[in-house]
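>>> the following comprises the amino acid sequence and a computationally predicted model.
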Amino acid sequence: MGIQENTINTIRVLAADIVQKAKSGHPGAPMGMAPMAYALWMNEMTHDPSHPVWRNRDRFVLSNGHASPLIYTLLHLCGYPMGMDDLKQFRQWGSITPGHPEYHPEGGIETTTGPLGQGLSNAVGFAMAETMLAAHFNRPGFPVVDHRTYVFAGDGCMMEGITSEASSLAGTLKLDKLVVLYDDNEISIEGDTHIAFREDVPKRYEAYGWRVIHVEDGNDYRQVLDALVQARDSDRPTLIVCPTIIGFGSAAKQGTAGAHGEPLGDDNVAALKTAFGMDKDVAFHVEDSVYQHVHNQMENGSKARSEWERMFSAYAKAYPELAAEWEQWHSRPDAATLIADESLWAYKGKAATRATSGEMINRLAGILPNLVGGSADLAPSTKTLISGSGDYSAENRTGRNLRFGVREHAMGAICNGMALHGGLQVYGATFFVFSDYMKGAIRLSAITQAPVTFVLTHDSIGVGEDGMTHEPIEHLAALRAVPDLVVFRPADGPETTAGWIYAVTSGKPVCLILTRQNLPLQENSGKQALKGGYILSDAPGQPRVILIASGSEVQLAMEAQAALIEQGTPTRVVSMPSMELFLQQDKAYQESVIPSDVRARVAIEAGATMPWYRLTGLDGRVIGIDRFGASAPAETLFREYGFTVENVVSTVQDMLGE
């Protein structure tokens with residue numbers, strides 16, 4: 001047995017040991033994919049474990065994230081910061097080896113995968129980012145951006161709809177440096193994929209515009225390597241179809257669903273080791289010759305990285321302005337500078353916040369040349385076009401407007417990939433109600449802290465005639481429930497500016513929730529909105545009542561305040577564009593805005609009432625919507641749903657017992 005085969009078998013056995021010790025996990029896919037992994041990681045992929053995040057490295061995404069023992073084993077063997085003790089702590093509290101890979105580029109993991117199809121879709125974003133950066137920065141003799149994106153994907157990834165959306169777009173865009181290796185083992189949790197999945201995947205990808213390369217035997221690393229070499233010269237994305245046997249080497253379980261999602265069992269692991277000529281009584285063992293072989297293979301990546309660094313030094317001398325811009329693009333914009341730019345805060349007259357957001361996008365585009373984004377076929381409605389910047393396409397890699405087509409699922413995941421790649425400020429837009437379609441991607445944005453700005457317009461029953469299918473009700477509550485996600489619903493132009501400045505400078509995912517209908521400018525709105533909530537209009541003297549509102553309902557709160565004060569009830573209006581940011585402020589500030597001794601509080605928002613009770617308390621009231629919308633003019637709907645001055649005043653009077 002040659003060192004190559006011995007290394008492959010070591011990968012298989014380590015994966016089996018990892019899962020067996022944890023008594024939980026998926027050993028079969030890593031065992032079947034080991035030859036693919038060896039061909040890619042040890043031979044074709046350009047990476048340097050001693051410098052995991054050098055910027056021209058090839059990107060790797062394990063889309064079938066349940067096969068995580070595979071990537072952990074590869075990271076360990078290649079010399080990334082993944083010790084043997086880490087492998088032994090698979091799926092345990094506090095370990096760096098969770099059940100599915102979690103974003104940690106310094107440790108060699110480019111994105112969080114698990115929900116099938118998200119990883120492959122992230123990879124489309126990686127590949128798009130590579131082409132955009134290359135088009136802007138590369139010069140003759142200086143290919144400073146020249147890397148590939150590799151994906152391992154399984155049958156489950158191919159079944160998920162998001163994969164179809166992302167792959168279709170990748171074919172349209174001719175992302176020639178995107179290579180997907182398809183682990184075609186024909187087994188899923190329920191058994192043979194034939195029971196639910198009989199389509200011809202290669203023909204589907206050919207229809208998408210991909211190049212398809214068939215490997216006769218995915219268990220032969222030489223055939224896989226030959227396919228990878230062929231993919232280098234492709235003029236479009238490549239799908240390499242690798243027929244494999246799940247759980248290869250386990251006589252009792254290979255080729256069966258029993259190898260998919262459960263440990264092999266002590267006896268079967270022992271038999272596996274015996275079959276490969278290893279000591280059945282020794283776990284987590286790697287021969288010195290295997291370590292040495294893999295480390296020798298890593299020298300190519302180290303050499304490539306050193307050569308790139310020398311090239312970039314020469315590039316910086318030849319093109320100092322571009323080199324400075326390169327660092328700027330890979331750095332977070334300075335919040336203080338943007339906040340101090342008064343031109344960003346200036347608006348006139350009534351406008352929908354989707355329109356003021358559109359103005360802000362174009363203002364920022366003149367300041368941040370790496371701001372790019374687009375919509376799921378709704379740019380005219382979401383107001384997300386960057387004027388005069390062209391459309392990104394297979395023919396134009398310099399365009400800043402991304403055309404995702406009607407593909408919300410994929411758009412969210414692709415934006416995540418672009419943001420995680422680095423070098424770009426990314427946004428994606430659709431109607432707020434369709435955020436349901438990309439909720440999985442938004443959730444992963446929060447998990448990875450991918451700095452994506454989700455521009456979500458048509459935010460309420462203000463959509464009007466389109467009816468209940470297009471009118472978001474529960475969506476604000478759903479997004480606010482996502483940990484580490486900032487939801488920002490501005491009331492006018494200056495608050496929209498605050499939301500955008502936070503979005504592009506915080507390094508966090510942000511959802512901007514914007515109106516279709518026009519809203520008036522509020523006299524005292526502006527920079528205070530960066531705190532999430534603030535006193536927009538105060539009562540004369542000590543307030544007896546506090547009205548709290550977001551977005552379009554802030555104006556209603558202002559009108560109700562005037563009526564209440566006229567009746568002799570001192571009333572404060574608090575604009576609350578972002579609960580998350582407000583609750584991050586210190587307790588003293590929160591108390592200054594919503595004093596604990598003023599218990600008469602009414603929250604007003606055209607959405608589900610549930611989130612507001614944490615601010616109104618048991619004595620407060622919420623005017624919201626806990627049923628679906630209807631088809632009618634917006635002004636009719638707001639009236640019928642109780643968003644009137646009369647209803648707010650009546651609610652306050654009832655609360656005060658007057």
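Nice, I can see it.
>>> distance of the residue lying closest to Ala379 once chain neighbours are set aside from Val372?
Spatially, and ignoring its direct neighbours in sequence, Ala379 is nearest to Leu385 (5.0 Å; C-beta to C-beta, 6 or more residues apart in numbering). Where you see a C-beta, it was placed from the backbone N, CA and C, and this is true even at glycine. From Leu385 over to Val372 the distance is 12 Å, taken as C-beta to C-beta, to the nearest Å.
>>> show me the common contact partners of those two, please.
Taking C-beta atoms under 8 Å, 6 or more residues apart in numbering as the contact rule, Leu385 and Val372 both touch Asn401.
>>> these two - which one has more neighbours?
Val372 (23 against 20; other C-beta atoms under 10 Å).
>>> for my notes, confirm the more buried one occurs in a helix.
No. Counting by DSSP: H, G, I helix; E, B strand; the rest coil, Val372 falls outside a helix, being strand.
>>> my guess is the residue nearest to Ala379 contacts Leu378, does it?
No. Leu385 is beyond contact range of Leu378, at 10.7 Å (criterion: C-beta atoms under 8 Å).
>>> return the set of buried residues in stretch 138-151.
Phe142, Val144, Val145, His147, Arg148, Thr149, Tyr150, Val151 (16 or more other C-beta atoms under 10 Å).
>>> walk me through the domains of this protein.
3-301, 335-513, 531-656 (automatic domain parsing).
>>> Tyr319 is nearest to which of those domains?
Shortest distance between Tyr319 and these, using C-beta to C-beta, is found for domain 3-301: 6.1 Å.
>>> per-residue pLDDT of the residue nearest to Arg601 when sequence neighbours are not counted, please?
Nearest residue to Arg601, sequence neighbours excluded (C-beta to C-beta, 6+ apart): Gly620, at 3.9 Å. At Gly620, the predicted lDDT confidence score is 96.
>>> repeat that for the one 4 residues further on.
Confidence per residue is given as pLDDT, and for Gly624 that number is 98.
>>> residues contacting Gln561?
So Gln561 contacts Ser537, Ala539, Leu547, Thr571, Arg572, Val573 (C-beta under 8 Å, 6+ apart).
>>> typed the wrong thing, it's Gly32
Asp183, Asn185, Gly218, Asn219, Thr244, Ile245, Ile246, Gly247, Phe248.
>>> can you rerun that using 6 Å?
Residues near Gly32 by C-beta atoms under 6 Å, 6 or more residues apart in numbering: Asn185, Thr244, Ile245, Ile246, Phe248.
>>> separation between the second one and Ala166?
Taking C-beta to C-beta as the measure, Thr244 falls 23 Å from Ala166.
>>> mind giving me a markdown table with the domains of the chain and columns for distance to Glu307?
As requested, the domains of the chain are exported to a markdown table (distance: least, C-beta to C-beta, whole Å):
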| stretch | distance to Glu307 |
| --- | --- |
| domain 3-301 | 10 |
| domain 335-513 | 20 |
| domain 531-656 | 45 |
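>>> to Arg310, which of those domains lies closest?
domain 3-301 (11.3 Å).
>>> and the end-to-end length of that closest one?
20 Å (C-alpha to C-alpha, to the nearest Å).
>>> mean confidence score for it?
According to the model, domain 3-301 has a mean pLDDT of 97.
>>> would you list the contacts of Gln561 in TSV and tack on secondary structure?
Shown next, in TSV, are the contacts of Gln561 (three-state DSSP):
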residue	secondary structure
Ser537	strand
Ala539	coil
Leu547	strand
Thr571	strand
Arg572	strand
Val573	strand
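>>> least confident of these?
Within the contacts of Gln561, Ala539 has the lowest pLDDT, namely 91.
>>> for the residue nearest to that one when sequence neighbours are not counted, give its distance to Ile604.
Excluding the flanking residues, the one nearest Ala539 by C-beta to C-beta, 6+ apart is Pro570, at 3.6 Å. Distance, Pro570 to Ile604, using C-beta to C-beta: 18 Å.
>>> so between the two, which is more surrounded?
Shown here are Pro570 and Ile604; by other C-beta under 10 Å, Ile604 has more neighbours (27 against 16).
>>> Ala135: which of the buried residues of stretch 138-151 is nearest?
Val145 (8.5 Å).
>>> any idea how far Arg232 is from the closest one?
17 Å.
>>> secondary structure class for Ala153?
Strictly by three-state DSSP, Ala153 counts as strand.
>>> surely it touches Gly119?
No. The pair Ala153 / Gly119 is not scored as a contact, 7.5 Å apart, by C-beta atoms under 6 Å.
>>> these two: which is more packed in?
Gly119 (29 against 26).
>>> could you check the pLDDT of Glu658?
For Glu658, the predicted pLDDT is 82.
>>> which intervals of the stretch 451-600 of the chain have sub-threshold pLDDT?
For the stretch 451-600 of the chain, no stretch has pLDDT under 70.
>>> please, where are all the helices along it?
Assigned by DSSP state H, counting those that start in this stretch, the helices in the stretch 451-600 of the chain fall at 475-480, 493-505, 553-566, 579-584, 587-593.
>>> among those helices, which is nearest Lys348?
Between the helices of the stretch 451-600 of the chain, helix 493-505 lies closest to Lys348; by C-beta to C-beta that is 8.5 Å.
>>> return the distance of that closest one from the chain's centre.
Taking C-alpha atoms, centre = their mean, to the nearest Å, one finds helix 493-505 lying 20 Å from the centre of the chain it belongs to.
>>> elements contacting it?
Here helix 493-505 touches helix 353-367, going by 3 or more C-beta pairs under 6 Å, 6 or more residues apart in numbering; DSSP states H and E.
>>> angles on the backbone of the residue nearest to Gly541 when sequence neighbours are not counted, please.
Leaving out its chain neighbours, the residue that sits closest to Gly541 by C-beta to C-beta, 6+ apart is Pro570, at 5.6 Å. For Pro570, the backbone dihedrals are phi -60, psi 120 (criterion: degrees, to the nearest 10).
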